[in-house]
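J.: Sequence and predicted structure, then a few things I'm wondering about:
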Amino acid sequence: MHKFSRLRHAIGASILILTSGFTHAAEWDLGQLTASLAQTGPSKARFVEKKYISTLDRPVESSGELSYSPPDRLEKRTLKPKPESMRLERNMLTLERGKHKFAIDLDDSPEFATLIESIRATLAGDRRSLELNYVVKLSGTRAGWKLQLTPSNFEARQKVEHITLGGSEGVVREVEVLQADGDRSVMTIEKLNP
């Protein structure tokens with residue numbers, strides 16, 4: 001009986017060791033995510049964005065192309081329904097619609113800076129910037145993660161409740177923005193082959 005009890009304890013301990021190894025392997029933390037994202041170089045992708053606005057019966061849909069050149073150049077070219085572009089270089093955001101062109105210094109516009117920095121810092125794997133500008137909450141695994149960013153800046157929180165980015169490994173596949181007024185947008189991203 002004593003021999004059987006020791007065998008049972010040994011089997012139990014072995015199972016515990018094996019399962020704790022699997023649990024440890026499945027863990028995914030912010031350091032691992034940002035390191036994986038930081039290894040991604042320049043990239044291009046297609047996007048479809050749906051904006052859910054409380055005053056409209058159905059979402060407004062747009063689509064186009066995204067491009068990113070580390071560490072701080074980001075471009076969103078909307079092709080449908082109407083062509084427009086948004087380009088970020090360092091802290092200058094340039095918007096073009098038809099013959100109209102607008103430039104915004106992100107240092108003077110915390111609500112735009114909040115939206116842009118969430119994407120730029122995530123793509124760059126810039127953990128310091130993420131933790132400086134947001135309350136960061138990561139869930140999921142390496143194969144499927146969600147990164148929720150709540151703005152630290154009071155003025156920005158008056159416009160944006162939180163931004164949730166989702167993906168796998170070092171690839172962002174979705175960006176959801178929930179505005180303080182309840183409106184939201186969801187962008188799905190499909191990376192293009194180089």
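T.: Thanks, I have it.

J.: Identify the bridge partners of the residue sitting nearest the centre point of the chain.
T.: Nearest to the mean C-alpha position of the chain, counting by CA atoms, centre = their mean, stands Leu165 at 2.8 Å. The partner list for Leu165 in beta bridges (DSSP bridges) reads Leu147, Val175.

J.: Next secondary structure element downstream of the helix or strand in which Ala35 is found?
T.: Per DSSP states H and E: Ala35 is located in helix 30-38. With elements assigned by DSSP H and E, the helix or strand that comes after helix 30-38 is strand 43-52.

J.: buried set for that next one?
T.: 43, 45, 47, 49-51 (16 or more other CB atoms under 10 Å). For every residue, glycine as well, the C-beta is placed using N, CA and C.

J.: packing partners for the next helix-or-strand element following it?
T.: Next helix or strand after strand 43-52 toward the C-terminus (DSSP H and E): strand 60-69. Judged by 3 or more CB pairs under 8 Å, 6 or more residues apart in numbering; DSSP states H and E, strand 60-69 is in contact with strand 43-52, strand 73-80.

J.: please redo it, this time with the cut-off set to 10 Å
T.: strand 43-52, strand 73-80, strand 84-89, helix 110-124, strand 171-179, strand 184-191 (3 or more CB pairs under 10 Å, 6 or more residues apart in numbering; DSSP states H and E).

J.: so how far is the fourth one from its chain's centroid?
T.: So the one you mean is helix 110-124. 9 Å (CA atoms, centre = their mean, to the nearest Å).

J.: Show the subsequent helix or strand relative to that helix.
T.: Next helix or strand after helix 110-124 toward the C-terminus (DSSP H and E): helix 127-133.

J.: Now that following helix: average pLDDT?
T.: The average pLDDT for helix 127-133 rounds to 93.

J.: swap in stretch 31-47?
T.: Per-residue pLDDT over stretch 31-47 has a mean of 93.

J.: do the same with stretch 105-116
T.: Mean pLDDT, stretch 105-116: 83.
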